[in-house]
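In: Give me a 3D structure for the following:
(one chain, ligands or ions: 3)
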Amino acid sequence: MGLHVAIIMDGNGRWATARRMPRIAGHRAGAATVRRVIEEAPAMGIGTLTLYAFSSDNWKRPVEEVTGLFMLLGEFLERETRALVEKGVRFSAIGRRDRLDARLVRMIEETEAATVGCGTLHLRVAIDYSSRDALLAAARDGASTREEVSALLGGAPDVDVLIRTGGEKRLSDFLLWESAYAELFFTATAWPDFSNGELGRILEEFRSRDRRFGAAPAVAAFALR
Ligand code: IPE
Ligand code: IPE
Ligand code: MG
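Out: Ligands and ions are numbered 1, 2, ... in the order given. Take a look at the predicted model:
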């Protein structure tokens, strides 16, 4: 079925500022990283890839930056839908849609519909997303078991690997329920500079970690010391 890898794509703005470029140039460079990662993800054993593109708290940013980010998202959907279908990538958006531009919502729905039968990779992009709000919505919709909550949060498997680029070590309201036993990776690399090589090294370390889910460690792990 493949791993569920979730990425907080952070550091675009600082990447651009360090190069004396406007922050939106960092977001544009970040979009190129998204394309590269999607390209390689299936070969790396990733079955589900959830990317944090716009948090519900990102509305606090200057309107030009917000507009620019949504323009880039629209561009991505418009330009990539055909390639996604060809690669067998199923696209879903998670997050609120009622505050998004109607045109962007239509593009999201069209890409979702065009790729609904694809099975090589499930690409989930979090837009106007807040994990706490998603949990509240699930509760409001009557979820009362773990299975029901998971289903109302989109039905994806639990997160195996959670990566945050850009140097900060926090979750910023991303996939709080789904990451209960995720392995966490924080890298100082800004998202525009994040490479598939680094992703590969993270997955290699992930595979060497002992995921116990609360159980006692295997006896062999002690015997080796
Ligand atoms: C991540 O990069 C992209 C979004 C949050 C939309 P930032 O824009 O947060 O970049 P920094 O953290 O300011 O460098
Ligand atoms: C988290 O990054 C949201 C996204 C990457 C889309 P932020 O840059 O918004 O997070 P904080 O403000 O540093 O916690
Ligand atoms: Mg940031």
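In: residue contacts, the residue in the chain that ligand 1 sits nearest to?
Out: As assessed by Cβ to the nearest ligand atom, ligand 1 sits closest to residue 13 within the chain, at 2.8 Å. The way it works is simple: take the backbone N, C-alpha and C, and place the C-beta from them, glycine included. By Cβ atoms under 8 Å, 6 or more residues apart in numbering, the contact list for residue 13 reads 23, 26-27.
In: Would you confirm that residue 124 belongs to a strand?
Out: Yes. According to DSSP: H, G, I helix; E, B strand; the rest coil, residue 124 belongs to a strand.
In: I'd guessed it sits against residue 157; true?
Out: No. Taking contacts as Cβ atoms under 8 Å, residue 124 lies outside contact range of residue 157: 11.2 Å.
In: quick one: which of these two has more around it?
Out: residue 124 (22 against 14; other Cβ atoms under 10 Å).
In: what subset of the contacts of residue 13 is also close to ligand 1?
Out: Cross-checking these against ligand 1 (Cβ under 6 Å from any ligand atom) gives no overlapping residues.
In: Switch those residues over to TSV; also include distance to residue 94.
Out: Shown next, in TSV, are these (distance: Cβ to Cβ, whole Å):
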residue	distance to residue 94
23	24
26	23
27	19
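In: nearest to residue 188, of the residues you listed?
Out: Ranked by distance to residue 188 (Cβ to Cβ), the contacts of residue 13 are led by residue 26 at 15.3 Å.
In: I'd say the closest one and residue 18 touch.
Out: No. The pair residue 26 / residue 18 is not scored as a contact, 9.0 Å apart, by Cβ under 8 Å.
In: Nearest residue to the middle of the chain?
Out: When Cα atoms, centre = their mean is applied to the chain, the residue found nearest the centroid is residue 51 (1.6 Å).
In: circling back to that earlier point, return every residue with contacts to both of residue 124 and residue 157.
Out: Contact criterion Cβ under 8 Å, 6+ apart; residues shared by residue 124 and residue 157: residue 48.
In: Can you list the residue ranges for helices in this protein?
Out: 12-18, 23-40, 63-87, 102-115, 131-140, 146-152, 196-208, 219-223 (DSSP state H).
In: Count the residues that sit near residue 5.
Out: Other residues close to residue 5 by other Cβ under 10 Å number 26.
In: before we move on, the earlier item: if you rank the contacts of residue 13 by neighbours, which is first?
Out: Of all these, the highest neighbour tally under other Cβ under 10 Å goes to residue 27, namely 23 neighbours.
In: check contacts around that residue.
Out: By Cβ under 8 Å, 6+ apart, the residues touching residue 27 are 12-13, 16, 68-69, 72.
In: before we move on, the earlier item: so can I have a markdown table of the helices of the chain showing distance to residue 93 and mean pLDDT?
Out: Conversion of the helices of the chain to a markdown table gives the following (distance: least, Cβ to Cβ, whole Å; pLDDT from 0 to 100):
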| stretch | distance to residue 93 | mean pLDDT |
| --- | --- | --- |
| helix 12-18 | 19 | 98 |
| helix 23-40 | 14 | 98 |
| helix 63-87 | 9 | 98 |
| helix 102-115 | 5 | 98 |
| helix 131-140 | 12 | 98 |
| helix 146-152 | 15 | 98 |
| helix 196-208 | 22 | 98 |
| helix 219-223 | 41 | 62 |
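In: so can I have a markdown table of those helices showing distance to residue 6?
Out: Formatted as a markdown table, the helices of the chain follow (distance: least, Cβ to Cβ, whole Å):
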| stretch | distance to residue 6 |
| --- | --- |
| helix 12-18 | 17 |
| helix 23-40 | 12 |
| helix 63-87 | 18 |
| helix 102-115 | 19 |
| helix 131-140 | 11 |
| helix 146-152 | 14 |
| helix 196-208 | 12 |
| helix 219-223 | 27 |
